[in-house]
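S.K.: from the sequence below, what's the structure:
(chains A and B)
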Amino acid sequence: QEPLQESGPGLVKPSETLSLTCSVSGGSINSFFWSWIRQPPGKGLEWIGHTFYSGTTNYNPSLKSRVAMSIDTSKNQVSLKLNSVTAADTAVYFCARSRYCSNNICYDSPNYFGPWGQGTLVTVSS
Amino acid sequence: QSVLTQPPSASGTPGQRVTISCSGSNSNIGRNAVNWYQQLPGTAPKLLIYTNNQRPSAVPDRFSGSKSGTSASLAVSGLQSEDEADYYCAAWDDSLNGVLFGGGTKLTVL
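M.R.: Modelled structure (predicted):
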């Protein structure tokens, strides 16, 4: 079983909300930041944001008004919601484990991503 | 448009040494660690270099990273056909309070 697995609808209508889940297997979901990163077809990577079990989040300023991330520790899942989607939100969405934190000390840098999920393609179209 | 600037392409022949640059500013590379990611065709990216020049244990020592001022570089020595991939640099930006990725460099092995 892959350590990270994204799931959710592959097709979302314009103006609606994109909702994805990342299922985490193995390890403690409480000890790491968890990130979402997307990649439009044929283009580069874009960081969407990251979240910690305590509720701490940071979002890409360009998406901040539309995005929300959360962690369900009982299900070992990380969720992403992006509202008011347009065709520009069509992309492969990846979840990735990020920096390790313990006792209020974080190790590695916020740009540390590994492992990654395999990614899931979300198309925004009517 | 990425604030971290990479050349869109790079190439080399088998056995050669190739470098890929990543240029930023004081708010990102100048103050924070640079990581590099390798994305083979059709797959998810993989961590290649972290904290400027550290390699995860599974990454061959043909890959090396360096940083000077507001620029960073990834070097691939002894180029192999399986190194053909897209390479991305990434750094935290203190002004944006977020992670920036470079635009990516497509490495072709001739």
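S.K.: next up, the contacts around the residue nearest the centre of chain A.
M.R.: By Cα atoms, centre = their mean, chain A has its centre lying nearest to A:W36, at 2.5 Å. Neighbour list for A:W36: A:20, A:22, A:48-50, A:69, A:78, A:80, A:93-96 [criterion: Cβ atoms under 8 Å, 6 or more residues apart in numbering or on different chains]. (C-beta placed from N, C-alpha, C; glycine too.)
S.K.: filter the residues you listed down to the buried ones.
M.R.: A:20, A:22, A:48-50, A:69, A:78, A:80, A:93-96 (16 or more other Cβ atoms under 10 Å in any protein chain shown).
S.K.: picking that back up, can you confirm the residue nearest to the centre of chain A is in a strand?
M.R.: Yes. Assessed by DSSP: H, G, I helix; E, B strand; the rest coil, A:W36 belongs to a strand.
S.K.: who's A:Q5 bridged to?
M.R.: On the basis of DSSP bridges, A:Q5 takes part in beta bridges with A:S23.
S.K.: look up how far B:A91 lies from it.
M.R.: Using Cβ to Cβ, to the nearest Å, A:Q5 is found at 28 Å from B:A91.
S.K.: of these two, which one has the most company?
M.R.: Neighbours were counted for A:Q5 and for B:A91 using other Cβ atoms under 10 Å in any protein chain shown; B:A91 has more, 30 against 16.
S.K.: chain A contacts on chain B?
M.R.: For chain B, the residues found near chain A under the criterion Cβ under 8 Å from any Cβ of the partner chain are B:2, B:32-35, B:37, B:39, B:43-47, B:50-51, B:56, B:88, B:90-92, B:96-104.
S.K.: just the buried ones among those residues, please.
M.R.: Buried members of the residues of chain B next to chain A, scored by 16+ other Cβ under 10 Å, are B:2, B:32-35, B:37, B:39, B:44-47, B:50, B:88, B:90-92, B:96, B:98-104.
S.K.: and which of the buried ones among the contacts of A:W36 is nearest chain B?
M.R.: Sorting these by how near they are to chain B, with Cβ to the nearest Cβ, puts A:F94 at the top with 5.8 Å.
S.K.: surely the closest one meets B:Q39?
M.R.: No. Taking Cβ atoms under 8 Å as the definition, A:F94 is not a contact partner of B:Q39, at 10.2 Å.
S.K.: what's the next secondary structure element after the longest strand anywhere in chain B?
M.R.: Ranked by residue count under DSSP state E, the longest strand found in chain B is strand B:85-93. Remark: after strand B:85-93, the chain's next helix or strand is strand B:98-101, criterion DSSP states H and E.
S.K.: contacts only, for A:S62.
M.R.: With the criterion set at Cβ under 8 Å, 6+ apart, A:S62 makes contact with nothing.
S.K.: so how far is B:N26 from it?
M.R.: 21 Å.
S.K.: residue contacts, A:Y112?
M.R.: A:Y112 makes contact with A:98-99, B:35, B:47, B:50 under the criterion Cβ under 8 Å, 6+ apart.
S.K.: secondary structure, distance to A:G117 and pLDDT added to these, as JSON lines?
M.R.: Listed next are the contacts of A:Y112 as JSON lines, based on DSSP: H, G, I helix; E, B strand; the rest coil; distance: Cβ to Cβ, whole Å; pLDDT from 0 to 100:
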{"residue": "A:S98", "secondary structure": "strand", "distance to A:G117": "13", "pLDDT": "95"}
{"residue": "A:R99", "secondary structure": "strand", "distance to A:G117": "17", "pLDDT": "93"}
{"residue": "B:N35", "secondary structure": "strand", "distance to A:G117": "18", "pLDDT": "98"}
{"residue": "B:L47", "secondary structure": "strand", "distance to A:G117": "14", "pLDDT": "97"}
{"residue": "B:Y50", "secondary structure": "strand", "distance to A:G117": "19", "pLDDT": "96"}
